[in-house]
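Engineer: When you get a sec, could you give me coordinates for this:
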Amino acid sequence: MGRLLVALAREDRRFAVVGAVEAPGHPALGRDAGEVAGGAALGVALVGELRPICGPEQVVLDFTAPAAALAHARVAAECGAGLVVGTTGLQAEEDRELRAQADRTRAVIAPNMSVGVTVLTELVAQAARLLGEGFEAEIVELHHHDKKDAPSGTALALGRAVAAARDQDFTRVGVLARQGLVGARSRHEIGVVALRAGDVVGDHTVVFGGLGERLELVHRAQSRECLARGALRAAGWVASQPAGVYSMRDVLGL
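Structural biologist: Take a look at the predicted model:
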C-alpha cells in the first residue's frame, strides 16, 4: 500500500510526497521512496521514524499494523498533522486508544478506504431498514491467504451497519462463523463468514435471505488501487477540516 500511495500521489497535482516511513531495520531504509515505488527518484528517503518528518501542514497516511498505527497517531496528534488510517485488526482497546489520539487532530479512520465499499455500506443499511427482520442477514468476505485478521474490518463494519439499521447491538447479535450442531438460526442474528484463498484483494457479499426471495449486495476490489485512491481522497478532504475523527461517509458527504 505504501508503494501504491507514493505512486498515485506523485501523479496527482494536489499532493506532494514529503516523507515515507518503513519499519526499523527494513532493508529499503535510506532508499528513495519514488524508486522503491517503481518510478523515478523523488528526493525523499525512506526513514524508520515518523516524528522527524511530521509537521502541521502534512497529512499522514497509515496502512501498517495496530501497534504502529497507534504510535503514528500519537506522533501526528503531537505534531498537529492530519491523519488517515486504513489499518485493520485493532482490538477494541486499541481502537479506543487510536480514536482518542486521532481526536486531538483531524483524522479519517476507516476499515476500508474504498469509495465503493463506503457506498455499499450505505446501501446495506438502507436495505436492512426497508426489508425488515423478515430478511435474515449474512455477510461473506473473501481475501488473500496472507491477510492476518479475520473477519475483515469491512465485514464487521457491514454487520454493524445492518444492526444499527435495525436498532440492534452487533456485539450481541453478530455470529462469527458457525461450527458443529448449532441448531436453527436465530431470527435476529447476523452471520459473518471469512474465507481466505489465493491473491484475492477483497470481496464482500451481504445476503438478505427472505422467504421465496434473496437479495445480495456485492463489492469486489479488483486491485488495491481502490483503497489507495480512497485514502488520497480522504487526505485531500481532511487537510482543511477542524479537529475531530471522521469516516469515509464524511469524506463523501453522506
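
Engineer: Output stretch 176-196 as CSV - backbone C-alpha positions only.
Structural biologist: Extracted in CSV, the C-alpha atoms of stretch 176-196 (Å, rounded to 0.1, in the frame of the first residue of the first chain):
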residue,chain,number,x,y,z
LEU,A,176,-18.7,-15.0,13.6
ALA,A,177,-18.8,-18.3,11.6
ARG,A,178,-20.6,-21.5,12.8
GLN,A,179,-19.4,-25.0,13.6
GLY,A,180,-21.0,-28.2,14.9
LEU,A,181,-24.6,-28.7,15.8
VAL,A,182,-25.5,-25.1,16.3
GLY,A,183,-29.3,-25.6,16.0
ALA,A,184,-31.7,-23.5,14.0
ARG,A,185,-30.6,-20.0,13.1
SER,A,186,-31.9,-17.3,15.3
ARG,A,187,-34.1,-14.7,13.5
HIS,A,188,-32.1,-11.9,14.9
GLU,A,189,-28.5,-12.9,14.4
ILE,A,190,-26.2,-11.5,11.8
GLY,A,191,-23.7,-14.1,10.5
VAL,A,192,-20.2,-13.3,9.3
VAL,A,193,-18.0,-15.8,7.5
ALA,A,194,-14.4,-15.2,6.5
LEU,A,195,-12.7,-17.0,3.5
ARG,A,196,-9.0,-17.0,2.6
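
Engineer: outside of it, which residues touch it?
Structural biologist: 133, 136-145, 147, 150-152, 155-156, 159, 162-163, 168, 170, 173-175 (C-beta atoms under 8 Å, 6 or more residues apart in numbering). Any C-beta I mention is one placed from the backbone N, CA and C, and that applies to glycine too.

Engineer: try 10 Å
Structural biologist: Around stretch 176-196, the neighbours that count as contacts under C-beta atoms under 10 Å, 6 or more residues apart in numbering are 128, 133-134, 136-147, 149-152, 155-156, 158-163, 166, 168, 170, 172-175, 203, 205-207, 209.

Engineer: Restricted to strands, list those residues.
Structural biologist: Counted as lying in strands by DSSP state E, out of those, are 136-143, 174-175, 203, 205-207, 209.

Engineer: Just the buried subset of those, please.
Structural biologist: Buried by 16 or more other C-beta atoms under 10 Å: 136-143, 174, 203, 205-207, out of the ones in strands among the contacts of stretch 176-196.

Engineer: can you tell me which of those lies nearest to Glu94?
Structural biologist: Distance ranking of these against Glu94, using C-beta to C-beta, places Gly174 first at 18.9 Å.

Engineer: Might one say that the closest one is in contact with Pro151?
Structural biologist: Yes. The criterion here is C-beta atoms under 10 Å, and Gly174 meets it with Pro151 at 9.4 Å.

Engineer: Quickly list what's touching both of those two.
Structural biologist: Common neighbours of Gly174 and Pro151 (C-beta under 10 Å, 6+ apart) are Ile139, Gly159, Val192.

Engineer: Look at the second one and say how many residues are nearby.
Structural biologist: Spelled out, it's Gly159. Neighbour count for Gly159, taken as other C-beta atoms under 10 Å: 25.

Engineer: Give me the pLDDT value at it.
Structural biologist: Predicted confidence (pLDDT) for Gly159: 98.

Engineer: That one: what's it in contact with?
Structural biologist: Shown in contact with Gly159 (C-beta under 10 Å, 6+ apart): 124, 137-139, 151, 168, 170, 173-176, 190-192, 206.

Engineer: Look up how far Val85 lies from Gly174.
Structural biologist: Separation of Gly174 from Val85 (C-beta to C-beta, to the nearest Å): 23 Å.
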